[in-house]
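Undergrad: How does the following fold in three dimensions:
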Amino acid sequence: MPISRISATPESIELSRLIFGTWRLKSRPETGTVEGVARLIALCLEHGVTSFDLADIYGDYQIEELFGQALQGFDRQSVELITKCGIKLPSAQRPEYGLKIYDSSPAYVRWSVEQSLRKLRTDYLDMILLHRPDFLLDADGVARVAQDLMMEGKIRAFGVSNFTRHQCDLLLSRVPGLISTNQVEAHLLHLDPFLDGVLDHAQEHRYLPMIWSPLAGGRIWSEDSPRGAQLRATLATLAQGYNCSEEAIVLAWLLKHPALPLPVLGSGDPHRMLRMFEADGIELQREDWYRLLTAAWGRNIP
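TA: Okay, the predicted model is just below:
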């Protein structure tokens with residue numbers, strides 16, 4: 001069965017429950033070319049993964065253009081393009097940037113959107129995210145430019161990435177419902193969002209969090225500690241019981257949370273991708289969810 005779909009916010013765009021992340025596309029020879037990316041897009045669409053996560057800085061400012069070229073052989077309306085802006089990263093591609101800084105000024109956000117539209121060869125973005133909290137963020141200015149870009153049809157939705165719940169509250173104080181997602185790190189080795197109110201905030205305001213590094217960059221299978229060993233043993237038992245891959249169990253654990261997280265998958269290996277796609281069809285039992293939490297935490301819950 002194809003991956004299921006869900007509305008990012010009430011009356012907002014629909015996204016696939018699993019999202020493909022493009023950060024590492026250029027790091028693998030098989031996905032570093034237009035043809036390779038096109039094959040990957042086709043595999044995702046075949047299995048119902050229609051949402052793609054990008055950022056202006058990915059691949060030394062080159063991933064958006066590579067992806068945009070590969071996308072030309074597909075129906076634009078069959079995919080959701082999510083990209084990010086707000087980090088000025090020194091690079092040969094941006095010689096004018098002498099220092100890494102964050103910039104959420106309305107002029108820079110607008111310029112970034114225009115650049116992403118050009119590189120992705122599209123006339124609209126499904127979602128634009130502020131990549132990191134800007135210490136100089138002007139909530140009124142950000143809210144205004146986000147609303148203007150939506151009214152102009154250049155973006156369909158606006159979101160943030162790596163924001164705390166209080167930083168989200170600041171933007172929502174200007175325009176209720178402005179945020180369609182907050183993309184954060186969360187996995188069995190990084191439980192902070194389950195404890196610090198980030199996922200609770202998403203439920204409270206009815207937006208769907210996106211999860212980057214949902215498999216902890218593979219560290220779940222390499223962590224050299226008693227906790228890591230216990231977690232791997234638990235995963236192996238559950239994978240056997242549910243007749244699926246361990247990767248699928250890890251992702252199903254995230255998918256079960258009532259905030260309805262959207263894991264961003266980072267692997268370009270087709271075989272591993274197919275193992276991860278199994279997650280959407282797994283209904284993890286509550287006891288098994290807590291069994292994984294206990295193993296990851298390294299102690300019983302209070």
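Undergrad: What pLDDT does the model give the closest residue to His47 other than its chain neighbours?
TA: Nearest non-adjacent residue to His47, counting by C-beta to C-beta, 6 or more residues apart in numbering: Phe277, 5.0 Å away. No exception for glycine: its C-beta is placed from N, CA and C like everyone else's. Reported pLDDT at Phe277 in the predicted model: 97.
Undergrad: what does Tyr124 give?
TA: Tyr124 is assigned a pLDDT of 98 by the prediction.
Undergrad: Can you tell me what sits against the longest helix along the chain?
TA: Longest helix of the chain, by residue count under DSSP state H: helix 226-242. Contacts with helix 226-242, where a contact means C-beta atoms under 8 Å, 6 or more residues apart in numbering, come from 188-189, 220-223, 245-246, 248-250, 252, 282, 284, 288, 291-292, 295-298.
Undergrad: ok, of the residues you listed, which come out buried?
TA: Applying 16 or more other C-beta atoms under 10 Å to those, the neighbour count classes 188-189, 220, 223, 245-246, 248-250, 252, 282, 284, 288, 291-292, 295-297 as buried.
Undergrad: Buried residues of the longest helix of the chain, list them for me.
TA: Judged by neighbour count using 16+ other C-beta under 10 Å, the buried positions of helix 226-242 are Gly228, Leu231, Arg232, Thr234, Leu235, Leu238, Ala239, Tyr242.
Undergrad: I'd like the next helix or strand past that helix.
TA: helix 246-255 (DSSP states H and E).
Undergrad: Which is the succeeding secondary structure element to that next one?
TA: Sequence-wise, the next helix or strand downstream of helix 246-255 (DSSP H and E) is strand 262-265.
Undergrad: so what does that following strand touch, helix or strand wise?
TA: If contacts are counted by 3 or more C-beta pairs under 8 Å, 6 or more residues apart in numbering; DSSP states H and E, strand 262-265 sits against strand 19-21, strand 210-212, helix 246-255.
Undergrad: Which strands border that strand, and is each parallel or antiparallel?
TA: Strand 262-265 has the following sheet partners, assigned by DSSP bridges: strand 19-21 (parallel), strand 210-212 (parallel).
Undergrad: And the contacts of it?
TA: Residues contacting strand 262-265 (C-beta under 8 Å, 6+ apart): 6, 15-21, 49, 51, 53, 181, 183, 208-214, 251, 254-255, 273, 276, 279.
Undergrad: Among the residues you listed, name the buried ones.
TA: Using 16+ other C-beta under 10 Å, the buried ones in those are 15-21, 49, 51, 53, 181, 183, 208-214, 251, 254-255, 273, 276, 279.
Undergrad: contacting residues around Gln69?
TA: Val34, Val37, Arg121.
Undergrad: pLDDT value on it, please?
TA: pLDDT, Gln69: 98.
Undergrad: What angle do helix 246-255 and the longest helix of the chain make with each other?
TA: Interaxial angle of helix 226-242 relative to helix 246-255 (axes from the mean of the first three to the mean of the last three C-alpha atoms, to 10 degrees): 100 degrees.
Undergrad: Next, find the distance separating the closest residue to Leu149 other than its chain neighbours from Lys84.
TA: Nearest non-adjacent residue to Leu149, counting by C-beta to C-beta, 6+ apart: Ile155, 4.6 Å away. Remark: distance between Ile155 and Lys84 (C-beta to C-beta, to the nearest Å) = 12 Å.
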